[in-house]
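Enquirer: what's the 3D shape of this:
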Amino acid sequence: MALYEHVFLARQDLAQAQVDALAETATKIVEDMQGKVTKVETWGLRSLAYKIAKNRKAHYVMLNIDAPAGVVAELERQTQINEDIIRYMTIKVDELETGPSVMMRKQERAERGPRGDRGDRNDRGGDRGPRREREEAAGE
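Expert: I've put the predicted structure just below:
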């Protein structure tokens, strides 16, 4: 069977329980057709780059799927019908990630907080050295 990553964006006004129900519905569609969902990740409510159907934010959900192509076609058909889902994308991958996805690792980094003092960052040199010398010579 082929491996896929299916990401969908749900409307911003849905509750988290409703978003989880959408993920369960997608999982049920896949499993009813002899496919398997290996991982479900909810990335949370995130800002969109531009408005989509009057939504400035959306709930992001990713499913890792191990199933034949017909299952993905049915999943996409059902996703198109659902008016709570504003965008979706399914891509075929060579292998599925076993740990957390890049989006989940990015959130963990943000929760750690600032890096603190970065040492001598302002005194690295590079283009700043000759420029400072020129500015000092010009009297700026």
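Enquirer: I'd assumed Asp66 was in contact with Leu3.
Expert: Yes - with contact defined as C-beta atoms under 8 Å, Leu3 counts as touching Asp66 (5.6 Å). Just so you know, the C-beta spots here come from the backbone N, C-alpha and C atoms, and that holds for glycine as well.
Enquirer: Can you name the residues that contact Ser101?
Expert: Residues in contact with Ser101 (C-beta atoms under 8 Å, 6 or more residues apart in numbering) are Glu41, Met62.
Enquirer: Please enumerate the shared neighbours of Leu3 and Asp66.
Expert: With C-beta under 8 Å, 6+ apart as the test, Leu3 and Asp66 both reach Leu96.
Enquirer: what about the protein, any weak spots by pLDDT?
Expert: Applying pLDDT under 70 to the chain flags the ranges 107-137, 139-140.
Enquirer: Could I get the full set of strands for it?
Expert: Counting by DSSP state E, the chain has strands at residues 2-11, 36-52, 55-67, 85-93.
Enquirer: Can I get those strands in CSV including distance to Met104?
Expert: Shown next, in CSV, are the strands of the chain (distance: least, C-beta to C-beta, whole Å):
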stretch, distance to Met104
strand 2-11, 13
strand 36-52, 6
strand 55-67, 9
strand 85-93, 17
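Enquirer: what's the spacing between Asp94 and Ser101?
Expert: 15 Å (C-beta to C-beta, to the nearest Å).
Enquirer: again, but for Val72
Expert: Val72 is 19 Å from Ser101, by C-beta to C-beta.
Enquirer: His59 touches Ala17, doesn't it?
Expert: No - His59 lies out of contact with Ala17 (C-beta under 8 Å); the separation is 11.1 Å.
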